[in-house]
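Q: After the sequence you'll find the predicted model.
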Amino acid sequence: MFDALSKRFSDVFGSIRGRGRITEENVAEAMRAIRTALLEADVHVEIARSFCDEVYKKAIGAEVIKTLKPEQVLVKIVHDELTALMGPVDPRIPFVTPPPTIILMAGLQGSGKTTTCGKLAKMVADRHAKRPLLVAADLKRPAAIDQLEVIGEQIGVPVYTERGHQNAVKVCRNGIREARKTDRDLVILDTAGRLAIDEEMMAEIAKVAEVTTPHQIYLVLDAMTGQDAVNTAKSFNERLELDGVILTKFDSDTRGGAALSVKRVTGKPIKFMGVGEKMENLEPFHPDRIAGRILGMGDMLSLVEQAQQQFDADEAVKLEKKMAKGQLTLDDFVDQMRKVRKMGSMKELMKKIPGMGDQMGDMDIDEGELDRMEAVVQSMTPKERHNPFIIDASRRRRIARGSGADPQDVSGLVKSFGQMRDAMKAMTGMSMMQRMKFGSTLSRQMMQGGGMPTFKSKSTATKRVVSKKDRRKQRKKRRR
């Protein structure tokens, strides 16, 4: 997300950093470059102009040209203005007493509304310990009810349906009654996708809102449609009085024009963003954190929150003790890898680490490589997973056959695991900041093509997996 915009901002600040002296003309030149970048990101032209004018005024007022590190002051001003442009936002859902809280979901056809209903229900159940009910009120699209039932079964949330008639208002009203009978905390009304120019459909959803009096009305928009999404939000808000927007496909939107324009144009905040296809991939929208991502500062707070949802505190303590003793096994490694992957794609997770955004560039991380790695581990016996350094040539061939890999891949995995285990042992006892710096250094070395670095404490067991051919090459190199 925001890949193109982040690169342009990085180039602008880099050009300022490289100058010995900064003038008002330099700042004005930087603002022209930023305005161009915003327009290319499909930000509304008036918003781009007013944003750059505001940054310019504050930059000159803060006497950026007289500071020792003017680019840092300018980055801070731009960060604050980006945050103000997208906020303020309160991503919390105001649950009512007595329940149920009613949320009406609206959106265009194909915006991902039904899937988002499921994601929102799962998020509420997991993070807020609420008991949601999904109401299938999309009576226009074929198989829409079936889709919501499949999603409900997948996330363990009941779905209220009434097949055989076309009165969405009645279905929603009866769904709310069912929620009260079954003691549900939250009702999510999944209405039919519609076009803003379809007067009949717009009148229907307005009637649903009038009859059900929802506590929150969310508009689901496809982030990749840019300014079209903003115009759609404006049209819907005139009919429904929205409480917020949910942007889908946020992880696929490299421009970011919708995210930067919605709040200023409609006055309605982005509450949540869909960042992947899985049901877990719905995140609260925090303008300050998004501004940090755009400017390459990372987003450690979101990363920590995601980790807290996946990792149990007691398990983490046990794992820390095993790391300190160098007793980590391949079973532990695979288990942790699975939990990390539930947090999202590796590329997006890396971008949330401060300083890693610029280094990632256009580099693509092959998620399939992690699947192949797991297949190799699963082809090992429990004894081999506990101590992979007992794997000799015959064992390597057997494991390779069972996983569809090459024997050299098995050797490489065992070697890398030994180095990683030593790295984790070295990290025990470090503070959070020290671990972040240490992890960032490891990541940089890996991305620069050097693989995992070699540590002085490298175990002799790791050395044993090096083949005879490799040892001969090493001896020849030393002789030279």
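A: Looks like it came in fine.

Q: hey, which helix or strand in this structure has the poorest pLDDT?
A: helix 460-464 (a mean of 35; mean pLDDT, DSSP states H and E).

Q: which residues in the chain form strands?
A: For the chain, the strands defined by DSSP state E cover 101-107, 132-137, 159-160, 186-191, 216-222, 244-248, 270-274, 282-284.

Q: ok, residue 221 - contacts?
A: 107-108, 111, 229, 232-233, 245-248, 258, 262 (CB atoms under 8 Å, 6 or more residues apart in numbering). For every residue, glycine as well, the C-beta is placed using N, CA and C.

Q: pLDDT below threshold where in this protein?
A: The chain contains residues with pLDDT under 70 at 1, 18-22, 62-69, 196-197, 253-255, 296-317, 343-367, 427-480.

Q: can you list the domain ranges for it.
A: 3-86, 101-286, 305-470 (automatic domain parsing).

Q: Tell me which of those lies nearest to residue 292.
A: Among the domains of the chain, domain 3-86 comes nearest to residue 292, with 6.8 Å by CB to CB.

Q: How far does the closest one stretch from one end to the other?
A: 18 Å (CA to CA, to the nearest Å).

Q: what distance separates it from the centre of its chain?
A: How far domain 3-86 lies from its chain's middle: 26 Å, per CA atoms, centre = their mean, to the nearest Å.

Q: So which residues of the stretch 251-400 of the chain form helices?
A: With helices called from DSSP state H, counting those that start in this stretch, the stretch 251-400 of the chain shows them at 257-266, 287-294, 300-310, 313-324, 330-342, 346-351, 356-360, 367-378, 382-386, 393-403.

Q: Pull out the buried positions in the longest one.
A: The reference is to helix 330-342. For helix 330-342, burial by neighbour count (16 or more other CB atoms under 10 Å) applies to 330, 332-334, 336, 340-341.

Q: helices or strands next to that helix in the packing?
A: helix 300-310, helix 313-324, helix 367-378, helix 382-386, helix 407-427 (3 or more CB pairs under 8 Å, 6 or more residues apart in numbering; DSSP states H and E).

Q: How about residue 89, nearest residue that isn't a chain neighbour?
A: In space, and not counting its chain neighbours, residue 89 is closest to residue 269: 4.1 Å by CB to CB, 6 or more residues apart in numbering.

Q: now residue 137: how far from residue 158?
A: Distance of residue 137 to residue 158, given as CB to CB, to the nearest Å: 15 Å.

Q: Which of the two has more residues huddled nearby?
A: Per other CB atoms under 10 Å, whichever of residue 137 and residue 158 has more neighbours is residue 137, with 32 against 18.

Q: wait, isn't the more buried one in contact with residue 191?
A: Yes. Using CB atoms under 8 Å, residue 137 makes contact with residue 191 at a distance of 5.1 Å.

Q: which residues are in contact with both of those two?
A: 168, 172, 208.

Q: Now residue 77. Nearest residue, chain neighbours left out?
A: Nearest non-adjacent residue to residue 77 (CB to CB, 6+ apart): residue 58, at 5.0 Å.

Q: Quick check: the one you found touching residue 78?
A: No. In this structure, residue 58 is not within contact of residue 78 by CB under 8 Å, at 9.4 Å.

Q: In terms of neighbours, single out the busier of these two.
A: Higher neighbour count among residue 58 and residue 78: residue 78, with 24 against 17, using other CB under 10 Å.

Q: Can you tell me how far the closest residue to that one other than its chain neighbours is from residue 86?
A: Closest residue in space to residue 78, ignoring its immediate chain neighbours: residue 55 at 5.8 Å, by CB to CB, 6+ apart. From residue 55 over to residue 86 the distance is 15 Å, taken as CB to CB.

Q: between those two, who's got more neighbours?
A: Neighbour count, other CB under 10 Å: between residue 55 and residue 86, residue 86 has more, with 24 against 21.
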